[in-house]
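S.K.: sequence first, predicted model second:
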Amino acid sequence: MKLLTPLIARSRVKSPWVYCANSGSCNGCDIEIAAALSPRYDAEQTGALRQGSPKHADILIVTGPVTLRAGAAIRDIYDQMPSPKAVVAVGSCPASGGVFSGSPTVEAPLGDIIPVDVYVPGCPPRPQEILRGVIQAAGKLNDKDREREEEQS
Amino acid sequence: MSDVLSYLVALLLWPGLAGGALLGWLFLWLQRKLTARMQRRFGPPFYQPFYDFFKLLGKQTVIPRGVNPLLFYGLPTASLAAMLCVLALMPVPGNPVHSFAGDLIVLIYLLEVPALCDVLAGFSSRSLYGQVSAARETLLSLGYNLPFLAALIALALQVGSFRLDDLVNAPLSLVHVLAAAAFLLAVPARLKSNPFSIANAEQEILAGVHTEYNGAPLALFELTHGLELVALAGLFTLVIMPALSSGLAELAIYLLISTASVIALSVLAAGTARIKVQQAMRFYWRWGLVAALIALVAAWL
């Protein structure tokens, strides 16, 4: 396994499989994510592939201000993903609550619920920015794996 | 001793693990790239399935509560091992293992093992989506095996032998054409590609039987899928196409026709949408049965 470590480290950066979760978003960011994954911006050329099961994913993309009902679900999805994993918060809502900031029905910011690695600002952000966020998050996977191993030892 | 050695070479080097995995990754990439190009996308770079495999190997493996770890690791290993045996048995150019009487029957049994492991994985993973998918796969295997088995049996009947070498060396005849048609009908469903991607229905039932799988076991399942692609394309080339020449030219023809069948499969997959399981069964029990009967009757006469 030691022999494969450099290869695995390189593979992680090159193959970010994503799982998209909507935590009560207005759908604006989700449309931009769809644009990032579909022919125009084609995330697959960076190796990103949308997965149907969180257990297959490396990167969790979260949109929306995390409504009270969505909070538990987001936590559950995050816990289901096998390590190493990274979180990309897309849009203003998960970062600060956006226009819903201060509302009693949202749990934003997302960072209070699960650790967020990359914030992609914008309302909604452009597909290129989302793609860059995913690539940045993929670059952090190796550091996160090292941290986890140090914690365990 | 040399027999054991030649089996080891066949299992681990060519046409087994090393050669099969490289060819399988190439075919998996070709499928994804062609689909992307047909959708006017750029598509993944050619090393993508290779990196996907090693990334999954490096991930943590989470075994769902209540699932036997032996089963969780054993099923993907068993299906990979069966696929390696299939490849080792195939009389591709350069295979050190010699054909023996009845190896076609062994091959047919071994080809069923990945589907069986998938079904068991789906039912044992305690996931609702896995169980739905496993039930669909069970049902579909009753459909696609009809023309598939009929094609191989018709060829064996024509040659009068269940030895793969005899089938490969048989001269081209009408039965070959009819068996090829029946064989091709079964291939998309065997590989779970569109329009028969009913068992693994991406997004619709999450990831089908593999929903609960992750890390190394998932990597093994993905590798098995690549090897299945190599095995089925190879079997088609070897059994249906007549042996034209020997040596390097034979190898080139083998690779060329395998690649061509993968291309045809991708075009079909990109051009069609998923159908329902009832429609697939109706298709196989109507047109599959027709193709099977024609091939068998032609072989009989």
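M.R.: Arrived safely.
S.K.: CA only for contacts and neighbour counts going forward, please
M.R.: Noted.
S.K.: what's the closest non-adjacent residue to the residue of the stretch 201-301 of chain B found nearest chain A?
M.R.: Nearest residue of the stretch 201-301 of chain B to chain A: B:Leu206, at 4.4 Å (C-alpha to the nearest C-alpha). Using C-alpha to C-alpha, 6 or more residues apart in numbering or on different chains and skipping the chain neighbours, the partner closest in space to B:Leu206 is A:Gly52 (4.4 Å).
S.K.: pLDDT weak spots in chain B?
M.R.: B:1, B:242-247 (pLDDT under 70).
S.K.: hmm, B:Asp165 is touching B:Gly102, no?
M.R.: No: with contact defined as C-alpha atoms under 8 Å, B:Asp165 does not count as touching B:Gly102 (10.3 Å).
S.K.: between the two, which one's more packed in?
M.R.: B:Asp165 (20 against 12; other C-alpha atoms under 10 Å in any protein chain shown).
S.K.: enumerate every residue touching that one.
M.R.: By C-alpha atoms under 8 Å, 6 or more residues apart in numbering or on different chains, the residues touching B:Asp165 are B:Pro91, B:Ser99.
S.K.: distance of it from chain A?
M.R.: Using C-alpha to the nearest C-alpha, to the nearest Å, B:Asp165 is found at 39 Å from chain A.
S.K.: one step back: surely the residue nearest to B:Leu206 forms part of a strand?
M.R.: No: assignment of A:Gly52 by DSSP: H, G, I helix; E, B strand; the rest coil gives coil, placing it outside any strand.
S.K.: next SSE after the lengthiest helix in chain B?
M.R.: Longest helix in chain B, counting residues (DSSP state H): helix B:128-159. Per DSSP states H and E, the first helix or strand lying C-terminal to helix B:128-159 is helix B:164-169.
S.K.: may I see the buried residues of that next one?
M.R.: B:Leu164, B:Asp165, B:Asp166, B:Leu167, B:Val168 (16 or more other C-alpha atoms under 10 Å in any protein chain shown).
S.K.: now do the strands in the stretch 101-250 of chain B.
M.R.: Shown for the stretch 101-250 of chain B, no strands are assigned by DSSP state E, counting those that start in this stretch.
S.K.: near chain A, which residues of it are found?
M.R.: B:Glu202, B:Gln203, B:Ile205, B:Leu206, B:Ala207, B:Thr211, B:Glu212, B:Tyr213, B:Asn214, B:Gly215 (C-alpha under 8 Å from any C-alpha of the partner chain).
S.K.: buried among the residues you listed? Need that as a selection in ChimeraX.
M.R.: Restricted to buried positions by 16+ other C-alpha under 10 Å, the ChimeraX selection for those reads:
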select /B:202,205,206,207,211,212,213,214,215
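S.K.: out of the residues of the stretch 101-250 of chain B next to chain A, list just those in helices.
M.R.: B:Gly215.
S.K.: pipe the residues of the stretch 101-250 of chain B next to chain A into CSV and attach distance to A:Gly71 per row.
M.R.: Compiled in CSV, those are given as follows (distance: C-alpha to C-alpha, whole Å):
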residue, distance to A:Gly71
B:Glu202, 26
B:Gln203, 22
B:Ile205, 23
B:Leu206, 21
B:Ala207, 24
B:Thr211, 23
B:Glu212, 22
B:Tyr213, 25
B:Asn214, 24
B:Gly215, 26
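S.K.: can you give me the helices for chain A?
M.R.: A:5-14, A:28-37, A:68-80, A:92-96, A:127-152.
S.K.: so which of those is the most packed in?
M.R.: Highest mean neighbour count of the helices of chain A: helix A:92-96, a mean of 25 (counted as mean count of other C-alpha atoms under 10 Å in any protein chain shown).
S.K.: starting at the chain centroid, how far to that one?
M.R.: The chain centre lies 13 Å from the centre of helix A:92-96; the measure is C-alpha atoms, centre = their mean, to the nearest Å.
S.K.: just the mean pLDDT for that helix, thanks.
M.R.: Helix A:92-96 carries an average pLDDT of 90.
S.K.: which elements pack onto that helix?
M.R.: Judged by 3 or more C-alpha pairs under 8 Å, 6 or more residues apart in numbering or on different chains; DSSP states H and E, helix A:92-96 is in contact with strand A:59-63.
S.K.: go again with 10 Å.
M.R.: In terms of contacts (3 or more C-alpha pairs under 10 Å, 6 or more residues apart in numbering or on different chains; DSSP states H and E), helix A:92-96 is packed against strand A:59-63, strand A:118-120.
S.K.: between those, which one is nearest to chain B?
M.R.: Shortest distance between chain B and these, using C-alpha to the nearest C-alpha, is found for strand A:59-63: 12.5 Å.
S.K.: and that closest one, what other elements does it pack with?
M.R.: strand A:17-22, helix A:28-37, helix A:68-80, strand A:86-90, helix A:92-96, helix A:127-152.
S.K.: who's in contact with the residue of the stretch 201-301 of chain B closest to chain A?
M.R.: A:Gln51, A:Gly52, A:Ser53, A:Pro54, B:Tyr129, B:Gly130, B:Ser133, B:Asn200, B:Glu212 (C-alpha atoms under 10 Å, 6 or more residues apart in numbering or on different chains).
S.K.: surely A:Ala137 meets A:Ala48?
M.R.: No: look at A:Ala137 against A:Ala48 with C-alpha atoms under 10 Å: they stay out of range, at 11.4 Å.
S.K.: any shared contact partners between these two?
M.R.: A:Val13, A:Pro16, A:Asp58, A:Ile59, A:Leu131.
S.K.: correct me if wrong: the second one contacts A:Ile59.
M.R.: Spelled out, it's A:Pro16. Yes: A:Pro16 lies in contact with A:Ile59 (C-alpha under 10 Å); the separation is 6.5 Å.
S.K.: quick one: contacts for residue 20?
M.R.: Using chain A here. Contacts of A:Cys20 by C-alpha under 10 Å, 6+ apart are A:30, A:33-34, A:50-54, A:57, A:59-63, A:88.
S.K.: not what I meant, chain B
M.R.: B:Gly20 neighbours (C-alpha under 10 Å, 6+ apart): B:11-14, B:26, B:83-84, B:87-88, B:223-224, B:226-231.
S.K.: show me what the longest helix of chain B is packed up against.
M.R.: helix B:103-124, helix B:164-169, helix B:174-190, helix B:215-240, helix B:277-283, helix B:289-300.
S.K.: what about B:Ile253, how many neighbours?
M.R.: Neighbour count of B:Ile253, defined by other C-alpha under 10 Å: 19.
S.K.: in what helix or strand does it lie?
M.R.: Taking DSSP H and E as the criterion, B:Ile253 maps to helix B:248-271.
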